[in-house]
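Enquirer: could you look at this predicted model? Sequence included:
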Amino acid sequence: MVDKISNLSSTLNSITAASRPDPIAKLASAQGAQSLRDQLLAHAGNVMPSERNQVNFSNRMASAIQSVAEAQNVSARTTRDFELGRETDLTKVMLNQQVSSLGFHMTLNVRNKVLTAYKDIMNMPV
């Protein structure tokens, strides 16, 4: 039984190897190398973002700070509404406060890291 399975496996491997073109022979021809190059470029274009889709650092930071400010405004609004009796869901209020707090602390930590990096760069000998 084991011999039959190994014979079947070796036969299957030899058939698939014979039907598959040799990659070295394919690369040896100029047309094969060009098609492989085109395939690699197409794949890289799909994986890598194009330059027009990239956003610079200052725009990303401004967007992040704007979203933190919006989270703080939502937190303040829901807290005020809860205190006035317009909002009855305490869980929603606490969740908004935690989101606001996390955003603020993250922004504060990023600011501290940027300041530390700036000080390190300024203290480098020229």
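Expert: Perfect, thanks for sending it.
Enquirer: hey, let's count contacts and neighbours off CA atoms from now on
Expert: Fine.
Enquirer: tell me the domain boundaries of the chain?
Expert: For the chain, automatic domain parsing gives the domain ranges 2-51, 55-122.
Enquirer: let me have these in a markdown table, extended by mean pLDDT.
Expert: As requested, the domains of the chain are exported to a markdown table (pLDDT from 0 to 100):
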| stretch | mean pLDDT |
| --- | --- |
| domain 2-51 | 63 |
| domain 55-122 | 94 |
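Enquirer: out of these, deepest packed?
Expert: When you average the neighbours per residue for each of those (mean count of other CA atoms under 10 Å), domain 55-122 leads with a mean of 14.
Enquirer: how distant is it from the center of its chain?
Expert: The chain centroid and the centroid of domain 55-122 are separated by 21 Å under CA atoms, centre = their mean, to the nearest Å.
Enquirer: likewise for stretch 114-126?
Expert: 28 Å.
Enquirer: that'll do, ta.
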